[in-house]
Every structure is written in C-alpha cells, then in structure tokens.
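K.L.:
Take a look and give me a structure for this.
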Amino acid sequence: MESILEEIFGDVLIPRLYPQSFVAKTDINKIRDMLLHGPPVTGKSLIARTVRDILNVNPKVIRGPEIFSSVLGQSEQNIRDLFEDARQDQRNFGSNSKLHVIVFDEIDAVCKNRTQSSSVRDTVHDNVTAQLLAEIDGMIYLDNILLIGTTNILEAIDPALLRSGRMEKVIKIELPDAAARSAIFDIHTKALIRNAALNEDVNINHIIRRTAGMTGAHMEQIVRLAVQAAMRRDILKRDARQDQRNFGSNSKLHAIVFDEIDAVCKNRTQSSSVRDTVHDNVTAQLLAEIDGMIYLDNILLIGTINILEVIDPALLRSGRMEKVIKIELPDAAARSAIFDIHTKALIRNAALNEDIDINHSIRRTGGMTGAHMEQIVRLAVQAAMRRDILKRDKFDITEEEAEALEVCHRDFIEALSKITI
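P.N.:
Residues are numbered from 1 along each chain as shown. Prediction:
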C-alpha cells in the first residue's frame, strides 16, 4: 500500500500540489486520470479518499449505476454535467482554475465492456460509455481535472477506456501485506490515539499477524468492533463498579444476562481455516471481565445456551461459571406448572371454562417444551376468539361481549392439533 501511495504521489499528485502557473512553466505532463483495480475491499476507495484528502478537494463521487436515468438522453447529459464545472473554470481562470476531482466508484457499472457478446444490446449503457470516452478525450484540453476510477474486475470495463491517452495510470491493488495492514490500522486508530483512547496494552504486532489475508475493510471493521466492545464493556461494568465503590456491601445487585452466550464466547479451540479475530478478542475480554468479578459482591452473570460444546472451554474453568445447570425437557409436573402460569390470567378473568381437562392436555404434551405450552394456550385463546366471532357473525365485538368469552376444552384440542415437535 505504501509503495502504491508513493507511486501515486510521485506521478499524479506532485504536479497538482504546486501552483499551476509554476507547473505550466516546467512543461510537466500532468496525469489527468487513473484506474485502480483489484479484489473487493482491498483499499481502492481508501486510496481515492487519501488522494482527495491530500489535494484538499471535495470530489464528485459517482457510485455505480446512480448516473443512469429513465429519461431519454438524461444519462448521457449527466455524464456531460460532471465535466462542465471544470470546463467553465478553465475558460474563466485558465491555469489558476481550482482542481476538479471526479471519482467513479465501480466504473465498470458505467463503462461496461461493449465487446462482450450479448443477445440483447443495452443501448443506454453503450451510449453512456461512448459519452464518457468522449469526455475523457476532451480532458486533454483541461489542466484542472483529475478522474479516478475503481473496479473489482478489469475485464468488465470497456477496453477502449484503457487505450493510450485515456486512463494514463492503471494500478493493481493487491491484498495488503503486513506493512500495509499496519498502515491501515494506524489510519483507523488515528482518532483513538489523538484522543488518548487507545490503551497501551494494545499489541499491534499481534493484531497484524492475526489479520493475514484480510482486507483494508476487515481492518476498519476490527477497529470499529473493538471500539463497540469497549463501549459495551464500559456500560456493563460502570454501574456495578460505581455502586461497589459508593455503597460497598450495601450496593444494589446488578444482573447481566447473556442469552445464547455462545454467540459472544465462541469455542476458540475448534479448527477453522480462517480465525475470527474479533470473536476471539471479545471472548478474551469477557473472560477477563468474569475474572475481575471476584472483587465485586454486587453482580450476577447468567448465560444461556442450547449446545454446551460450542462455547469456549475456558468459560467453564474453576472460578468462572461456578454453577452450570442442565435444563431438561419438562416432565408432567413441570408441564402442569407451566400450564398454570400461562392460564393464570384466563382463570383470574373467569375466561377458562370448567370443562377444561388439564390432565388430558398434560398427557398430550409429552416431549414438549415450555415454549410449546405457551403456544398451546395462545392458540387455544385464538381458537375461542375465532369461534366467538363466527358465532356472532360480526367483527365489531363489544367489550361486554368480549368479557363473556370462554376458552373451552375443544379449543385446547384444536390448539394441540396444530403443534408439531
């Protein structure tokens, strides 16, 4: 990445950084356009943004197909309009004109390869390609313009764009090596360093080693997720630790529940062709926080999981999850208790008919979960409502009529028939 930036700086940017009246005296040939190509998310857009920052200009950025219009001829006019400000400034100010930068992100969406065989020719695309090529040819008379294009697949763009006199600088962007990843990491942590928000325990070399084969976008994502993890950790622990400091043994209890904790604390010992650095870091951070709970008397951590084997074994070591409880499918007594919980409101409001055979329902629900029991009650209530509406032959049920609703045994039979396990 550094060598690419040096190449761009030397060949493209230096003549733009000096006063144009001086550059005109040197007779230096200024590069007016360049194309960056390579695999997705390898930093092409980042390079374009870096060029923009160095030149201190606000570019016109065209992202893929947004140039196209359904109005006849408007797409071609949109291309011409992109270059019009530069032409106008050149006429008015000559060599003192300000620089105009146009960035085509995914230029292959605008300048499609017209030589590829197709049973149906896309006239609008062909016209837009021809118009863009004409504008680029006209740039020879403009000293105040820089065109930057990016593409993932070089073969997808029209070969005419690469002819002599057009895209003068074509640069391939590879996956970043260790030095490039380090530079990208520096870019995305610059604000953290500037605001003293990056702890000195951050091992940059470790991160760079663990990110081989990753792109610039991955590096940006790692920094973003790390910041989010720090924010989340700070929020979770701040109240508990503040209370512990302020109130000691009189501090209120703070409960933290990780539903599906395996999504946060993945098993790092399982083999994988690509290690997930972010997940590994989050797991390590969570384990560190749990170890720190030894100094807190005011906190309770609860985790839930469907498959014990998918969480990191380190979470189950002594001193961490001190109580591990296996929840089996509910037996008849447990299902009866769950049934009572979910019918409590019906009983309280006298909406449960006395013909309900609870034992029958309990026998029919062997092998079901608590969620199944809740669903059965809900479906039975819906069946009773539907039956009541059909009986009254109207949809505008009054409050008095609704109060008379009763959920009967047959409603539960209908509900049970809809449950599959």
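
K.L.:
Return stretch 404-416 as PDB; C-alpha atoms alone will do.
P.N.:
C-alpha atoms of stretch 404-416 as PDB (Å, rounded to 0.1, in the frame of the first residue of the first chain):
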ATOM      1  CA  ALA A 404     -68.300 -13.300  28.000                       C
ATOM      2  CA  LEU A 405     -65.600 -15.200  26.100                       C
ATOM      3  CA  GLU A 406     -64.700 -18.600  27.500                       C
ATOM      4  CA  VAL A 407     -61.800 -20.800  26.400                       C
ATOM      5  CA  CYS A 408     -63.100 -24.400  26.300                       C
ATOM      6  CA  HIS A 409     -61.600 -27.900  26.100                       C
ATOM      7  CA  ARG A 410     -62.300 -28.100  22.400                       C
ATOM      8  CA  ASP A 411     -60.200 -25.000  21.900                       C
ATOM      9  CA  PHE A 412     -57.300 -26.700  23.500                       C
ATOM     10  CA  ILE A 413     -57.900 -29.900  21.400                       C
ATOM     11  CA  GLU A 414     -57.700 -27.700  18.300                       C
ATOM     12  CA  ALA A 415     -54.500 -26.000  19.500                       C
ATOM     13  CA  LEU A 416     -52.800 -29.300  20.300                       C
END
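
K.L.:
And the contacts of that stretch?
P.N.:
Stretch 404-416 is contacted by residues 346, 351-353, 355-357, 360-361, 364-365, 375-385, 387-388 when judged by CB atoms under 8 Å, 6 or more residues apart in numbering. Placement of C-beta: from N, CA and C, glycine included.

K.L.:
so what are the domain limits for this structure?
P.N.:
2-172, 178-316, 332-417 (automatic domain parsing).

K.L.:
For those domains, give me a markdown table that also has distance to Lys326, mean neighbour count and mean pLDDT.
P.N.:
Below are the domains of the chain laid out as a markdown table (distance: least, CB to CB, whole Å; neighbours: other CB atoms under 10 Å; pLDDT from 0 to 100):
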| stretch | distance to Lys326 | mean neighbour count | mean pLDDT |
| --- | --- | --- | --- |
| domain 2-172 | 43 | 16 | 84 |
| domain 178-316 | 8 | 15 | 82 |
| domain 332-417 | 14 | 15 | 88 |
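
K.L.:
for the most centrally placed residue in the chain, helix, strand, or coil?
P.N.:
Closest residue to the average C-alpha location of the chain: Gln221 at 8.5 Å, with CA atoms, centre = their mean. Classification of Gln221 using DSSP: H, G, I helix; E, B strand; the rest coil returns helix.

K.L.:
Ignoring the adjacent residues along the chain, who's closest to it?
P.N.:
The shortest distance from Gln221 to any non-neighbouring residue, by CB to CB, 6 or more residues apart in numbering, is to Val278 (7.4 Å).

K.L.:
and the one you found, how far is that from Lys266?
P.N.:
According to CB to CB, to the nearest Å, Val278 stands 10 Å off from Lys266.

K.L.:
do Gly64 as well
P.N.:
With CB to CB as the criterion, Gly64 and Lys266 are 35 Å apart.
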